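Q: With the input below, show me the fold.
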Amino acid sequence: MSENRSALIVDDERDIRELLTLTLGRMGLRIDTAANLGEARELLARNPYDLCFTDMRLPDGNGIELVGEISRNYPQVPVAMITAFGNVELAVEALKAGAFDFVSKPVDISVLRGLVKHALELNNTERAPAAPTPPEHASRLLGGSQAMGMLRDTIAKVARSQAPVYILGESGVGKELVARTIHEQGARAAGPFVPVNCGAIPSELMESEFFGHKKGSFTGAHADKPGLFQTASGGTLFLDEVAELPLPMQVKLLRAIQEKSVRAVGAAQEVPVDVRILSATHKDLGELANDGRFRHDLYYRINVIELRVPPLRERTGDLPQLTTAILARLAVSHGRTEPQQLTPAALEALAGYSFPGNVRELENILERAMAMADGDRIDVDDLHLPTSQGRRYPNGAPAAEAVADVPAN
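A: Numbers count the residues shown, from 1 in each chain. Here you go, the predicted model:
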């Protein structure tokens, strides 16, 4: 894994440099060390590195400066920040600046080894061809619009990090697909991707579901059961509809994220877990936090990087490519030799619809239209679009043919 790999360690404390040098050396890495920013800059200019560790506070500056410089000048080098124990604010600041991950003092060797493993696998991921996205998922990230191009670029950037990502978007835009793509393009691609709908778990079972339980810890606990954190260890835990978590569970989730460990219900000790947290909701989480319905500290911890997925109505220019891909996939799943085609009028009708359910609704509309169409072409009547609700009009004025849909007073 670490053959011919090298790392740079930047810390003004000799014992930290020696500990990291010993640990990383045993993993087969060649190590260079620097006691300040100046030495680090000289080494970076002369040598290629696969990984860099930097302390937050240095004699001639701070580690945030170095994180920014490496992100700009050596973007292929993952940077891990070394922070004081419990200093979550600085850790979050480092992640926002572009750090790959962070490790707290005193350094936990097992956590350190896991971090190094993921950093080196990130470089392996970039050298290897990306795994193909399953066809049932691929259509939701298609499109040549500027909005989708920016989204794909952002996904590629955040996949290089271990920072928590908060995915914001309306229902049906493909938030889980975005989370899955981040996982597949990142260092944890070989690990599990575990999605969970936070609104679908009864509140009385949440602690057991997330953290696991021991046999006999409550009525019905007939055997030990690992929780979602343990199941996702080494990979990614995707918290969909995270706004639905009750406040008491938010406290426990925050602790698990900060401490990188969990305690199963009925267990005497915590166990370390190695997960990346991605979360999503269709609600305004910031507004909920301001109203006291979501904890501010958890909001800031999971919202290190915010990623907005645009609704379909903001990228109707992508409809030709989207509809072609969806119809091709549906043809295969329905056993058709050739996909049906939309008439120009049908495509125009879709472009005038606002799609409150976004791409998921488009998929449902097209699947229904396939069944309703008589031949190989899908026309406007086959789409069964709402006649007025959800339709968009130029300059806000309804088309003449829609006036009849408005009831008289």
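Q: For the stretch 301-409 of the chain, which segments are assigned as strands?
A: Applying DSSP state E, counting those that start in this stretch to the stretch 301-409 of the chain gives strands spanning 305-308, 341-342, 377-378.
Q: buried stuff in the longest helix along the chain?
A: Longest helix in the chain, counting residues (DSSP state H): helix 109-127. Going by neighbour count (16 or more other C-beta atoms under 10 Å), the buried part of helix 109-127 is 111-112, 114-123, 125. Heads up, the C-betas are built off the backbone N, CA and C, glycines and all.
Q: How about stretch 71-90?
A: The neighbour-count check on stretch 71-90 (16+ other C-beta under 10 Å) flags Ser71, Tyr74, Val77, Pro78, Val79, Ala80, Met81, Ile82, Thr83, Asn87, Val88, Leu90 as buried.
Q: And stretch 165-185, by the same measure?
A: 165-170, 172-185.
Q: Nearest to Val67 among the strands of the stretch 301-409 of the chain would be which one?
A: Val67 lies closest to strand 305-308 among these, at 14.2 Å (C-beta to C-beta).
Q: got a list of contacts for the closest one?
A: Strand 305-308 is contacted from outside by 95-96, 151, 154-155, 158, 161, 163-169, 178, using C-beta atoms under 8 Å, 6 or more residues apart in numbering.
Q: rerun at 6 Å
A: Strand 305-308 has contacts (C-beta atoms under 6 Å, 6 or more residues apart in numbering) with Thr154, Val158, Ala163, Val165, Tyr166, Ile167, Leu168.
Q: got it, and stretch 370-380?
A: Stretch 370-380 is contacted by residues Leu330, Gln340, Gln341, Leu342, Thr343, Ala345, Ala346, Ala349, Ala369, Asp382 when judged by C-beta under 6 Å, 6+ apart.
Q: Pull out the buried residues from the residues you listed.
A: Buried members of the contacts of stretch 370-380, counted by 16+ other C-beta under 10 Å: Leu330, Gln340, Leu342, Ala346, Ala349, Ala369, Asp382.
Q: related to what we said a few turns ago, tabulate the strands of the stretch 301-409 of the chain (TSV), appending distance to Ala243 and mean pLDDT.
A: Listed next are the strands of the stretch 301-409 of the chain as TSV, based on distance: least, C-beta to C-beta, whole Å; pLDDT from 0 to 100:
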stretch	distance to Ala243	mean pLDDT
strand 305-308	14	92
strand 341-342	36	96
strand 377-378	37	95
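Q: May I have the distance across stretch 269-279, first residue to last?
A: End-to-end span of stretch 269-279 (C-alpha to C-alpha, to the nearest Å): 27 Å.
Q: Give me the mean pLDDT for it.
A: Across stretch 269-279, the average pLDDT comes to 93.
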